[in-house]
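>>> Need the 3D shape of this:
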Amino acid sequence: MDRTSIIHIGYFKTGTTWFQHVFFPKVTNAVFSNQANASLDDNLIITRPYDFSSEKVSKHIDQLFPERTSRTLILSRERLSGHPFTGGYDAKIIADRLKETYPNATIVIFIREQKKAIISTYKEYVKRGGTAPFDKWIFTHERTIPGFQLDYFNYHKQIKYYLELFGVSQVKVYAYEDFKDHPKEFLEAFSKELNLEIDLSNFDFSKKVNKGFSTGALKLIRWSNKFSKSKNLNPYPAVKIPFLRFLVEKCNTIFDTMFFKQRNNSFFNSKTLSEIENLFGKGNYELNQILDIDLESKGYNCNNK
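A predicted model of the protein is given here:
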């Protein structure tokens with residue numbers, strides 16, 4: 001039998017880890033597991049076009065919940081929105097595959113003010129082993145393979161496509177800022193709109209699941225990455241120093257508490273800021289016209305000029 005499906009596609013750095021580890025597992029009228037989410041990586045996301053099978057995707061996930069097929073299925077994987085490190089080059093392909101696999105699903109999308117999202121994405125890049133300085137990373141492009149592109153954060157393009165695929169009533173878009181600023185009130189409304197049963201009374205909203213480092217600490221980590229192995233970003237360092245990255249992170253935990261948190265400087269210098277300041281204005285303005293969200297009041301640039 002067909003069952004209700006809710007698919008949370010991200011974006012990255014919008015609280016997805018918290019939802020996956022804290023919120024979704026406690027929904028009592030739905031089934032959710034990170035094992036099912038991992039199944040999406042192998043069977044839906046990275047599968048080559050010639051080998052993709054929507055039947056294989058749904059069958060494999062259904063097998064993880066053999067006794068509870070009548071309950072709402074929740075899938076949550078930020079990679080479904082494309083990956084920011086590769087400019088979201090496969091986001092449209094993934095959207096088409098989701099439509100083929102779960103044609104009646106409700107799609108949940110969280111967005112975040114672009115400058116803050118870009119900074120948070122860069123911090124994740126360094127955390128995963130990246131070595132490029134911010135100004136180099138943000139503007140350097142490789143013609144032959146997908147790389148980071150600022151246009152990934154023009155959310156209106158992807159949201160409009162999902163609205164066309166699934167219909168207006170089946171696509172729910174939320175601003176991360178609403179969740180961050182008023183988590184309990186937001187989750188009460190969020191649960192009601194998606195018909196999710198959950199007890200929020202014992203939630204600790206002050207606890208961070210994916211805590212980041214300060215800008216000062218990040219510089220030390222980026223330096224240590226040059227001498228540390230990272231599977232995707234630096235698989236073969238010229239000089240590998242065992243445990244260097246581990247020791248730097250441990251020291252940074254202390255440094256952040258004692259020194260660096262007081263010197264958490266912005267990544268954007270005046271030149272970089274001026275180049276991207278108006279890059280997202282028209283797209284955000286367009287989103288304001290099609291969504292019931294006042295993005296401008298949340299700090300988004302909505303200049304249509």
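
>>> Secondary structure class of Glu164, three-state.
helix (DSSP: H, G, I helix; E, B strand; the rest coil).

>>> Distance of it relative to Gln170?
According to C-beta to C-beta, to the nearest Å, Glu164 stands 11 Å off from Gln170. C-beta here means a position set from N, CA and C on the backbone, and glycine is covered the same way.

>>> ok, now Asp96?
For Asp96, the distance to Gln170 - C-beta to C-beta - is 15 Å.

>>> neighbour-wise, which of Glu164 and Gln170 wins?
Gln170 (16 against 12; other C-beta atoms under 10 Å).

>>> Quick one: residues in contact with whichever strand or helix holds Leu73.
Element membership for Leu73 (DSSP states H and E) is strand 72-76. Taking contacts as C-beta atoms under 8 Å, 6 or more residues apart in numbering, the residues outside strand 72-76 that touch it are 3-8, 16, 19-20, 24, 27, 29-32, 36-37, 40, 61, 65, 195-196.

>>> same question for the next helix or strand after that strand, mean pLDDT?
Downstream of strand 72-76, the first helix or strand assigned by DSSP H and E is helix 91-101. In this model, helix 91-101 carries a mean pLDDT of 97.

>>> next one: stretch 178-187
Taken as a whole, stretch 178-187 has an average pLDDT of 95.

>>> Determine how far the last residue of that stretch lies from the first.
In stretch 178-187, first residue to last residue: 10 Å (C-alpha to C-alpha, to the nearest Å).

>>> can you give me how far it is from the chain middle?
Mean-position distance between stretch 178-187 and its chain equals 18 Å (C-alpha atoms, centre = their mean, to the nearest Å).

>>> Same question for stretch 133-142.
With C-alpha atoms, centre = their mean, you get 20 Å for stretch 133-142.

>>> low-scoring stretches of the stretch 51-200 of the chain, by residue?
67-69 (pLDDT under 70).

>>> At which residues are the strands of it located?
72-76, 106-111, 171-175 (DSSP state E, counting those that start in this stretch).

>>> how many other residues sit next to the nearest residue to Lys13 once chain neighbours are set aside?
Leaving aside its chain neighbours, Lys13 sits nearest to Ser120 (4.0 Å; criterion: C-beta to C-beta, 6 or more residues apart in numbering). Using other C-beta under 10 Å, Ser120 is surrounded by 18 other residues.

>>> hang on, the earlier thing: nearest to Gly147, of the strands of the stretch 51-200 of the chain?
Distance to Gly147, taken as C-beta to C-beta, is lowest for strand 106-111 among the strands of the stretch 51-200 of the chain, at 21.9 Å.

>>> ok, Asn278 - how many residues close by?
11.

>>> now swap in Val27 and tell me
20.

>>> Surely it and Glu197 touch.
Yes. Between Val27 and Glu197 there is a contact under C-beta atoms under 8 Å: 6.5 Å.

>>> My read is that Ala95 contacts Ile159, right?
No. Counting by C-beta under 8 Å, Ala95 stays clear of Ile159, with 10.5 Å between them.
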